[in-house]
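Colleague: Prediction below, plus the sequence it came from.
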Amino acid sequence: MKKIEHIGIAVKDLEKSNELFASLFGKPHYKIEEVESEGVKTSFFEVGENKIELLEGTNDNSPISKFIAKKGEGIHHIAFAVENILDEVKRLKEEGFVVLNETPKKGADNKLVVFLHPKSTNGVLIELCQEME
Ligand code: ZN
């Protein structure tokens, strides 16, 4: 893995949270993107070299809505940039990690993404992401 690509935070109201985090960081988000297949609306902030992704569920079946219903708002996942997502999935499976989707799917921010089940990573949902060309 190369570096932390972003940290994802689950929020109930993206509009309100955009204002809140803009006050916190001293600058607004630089993009909003809906990933319909995942039932989420996201916004991205740049903080120095790092990115923060806010996620709001767009329906009750969205993983984000379910997460908030269970745990409340807060840190949802940590995303790591990888060079080759398929190689990394293979390696991590061999190491015994539970991969949620073995076939990478299209995530926000022009990325291919794979998630690891939190039960195999001490309760932390891990996202692997590879920049799409
Ligand atoms: Zn993410």
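Modeller: Received, thanks.

Colleague: nearest spatial neighbour of residue 127, skipping sequence neighbours?
Modeller: Among residues not flanking residue 127 along the chain, residue 79 sits closest, at 3.8 Å (Cβ to Cβ, 6 or more residues apart in numbering). C-betas here are computed from N, CA, C, even on glycine.

Colleague: From the ion, how far out is that neighbour?
Modeller: Separation of residue 79 from the ion (Cβ to the ion, to the nearest Å) stands at 4 Å.

Colleague: any idea how far that residue lies from residue 23?
Modeller: Between residue 79 and residue 23 the distance is 24 Å, computed by Cβ to Cβ, to the nearest Å.

Colleague: returning to what we had before: what residues are up against the residue nearest to residue 127?
Modeller: 4-8, 53, 113, 126-129 (Cβ atoms under 8 Å, 6 or more residues apart in numbering).

Colleague: do that again at 6 Å, thanks
Modeller: Going by Cβ atoms under 6 Å, 6 or more residues apart in numbering, residue 79 touches 5-6, 127, 129.

Colleague: before we move on, what about residue 111?
Modeller: With Cβ under 6 Å, 6+ apart, residue 111 has these contacts: residue 129.

Colleague: so how far is residue 130 from it?
Modeller: Taken as Cβ to Cβ, the span from residue 111 to residue 130 is 7 Å.
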